[in-house]
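Visitor: coords please:
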Amino acid sequence: MATGPMKHLLIPALVLTIAICGCSAEETATEPPEQGATEAVTGDGITAEEDALILPGPPGTVTVEGSTPEGNSPLIVRWPGTRDDTISGYNVYNKNTGGNWTLIAFVPLRKEDPRNRGRYQYRTEVVGEGLYAVSAVDMKGTPGPKSPAVSQ
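Guide: Alright, predicted model coming up:
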């Protein structure tokens, strides 16, 4: 423990440290924002940058029916609407064994289904093998993530 003149030096130094720290924290808290530093906020309360990163989710359960090797029935890929009325339609993809995903169709939202609550399908007479997936496409034309892959 400090005694004599040393004791008196410690207390003023401690008070000075507290005073300095208190002032600088106060000044930082009341500092006005820089000009042009505000971000545009959408009606949903998110910034334009955040809005650009939000992609529509994939549709629910996707099913594939038909398309026998003999080619006597059409291939039909079906899925429920995403209930997201901010999209323009759906991309349908095919992936052959060992290959990459290939966009095979775009299915627009139907005018009679403005709330996107109906069932959608892609139908073709081509015999298609491999996996299929569907993704919702936003109004800017950007597809969201693909649904889980399904095979016929």
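
Visitor: Run through the helices of this structure in chain order.
Guide: For the chain, the helices defined by DSSP state H cover 5-30, 48-53.

Visitor: Worst mean pLDDT among those?
Guide: Note on these: helix 5-30 shows the lowest mean pLDDT, a mean of 43.

Visitor: Show the low-confidence segments of the protein, by residue range.
Guide: Within the chain, the segments meeting pLDDT under 70 span 1-46, 48-53, 67-72, 127-128.

Visitor: how does it look with 90?
Guide: Applying pLDDT under 90 to the chain flags residues 1-57, 60, 65-75, 82-86, 96-100, 109-118, 124-130, 151-152.

Visitor: Please, where are all the strands along the chain?
Guide: Ranges of strands in the chain, per DSSP state E, are 63-66, 75-80, 87-95, 101-108, 119-124, 131-138, 150-151.

Visitor: Pipe these into CSV and attach distance to Pro56 per row.
Guide: Any C-beta I mention is one placed from the backbone N, CA and C, and that applies to glycine too. Shown next, in CSV, are the strands of the chain (distance: least, C-beta to C-beta, whole Å):
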stretch, distance to Pro56
strand 63-66, 20
strand 75-80, 13
strand 87-95, 5
strand 101-108, 14
strand 119-124, 14
strand 131-138, 4
strand 150-151, 19
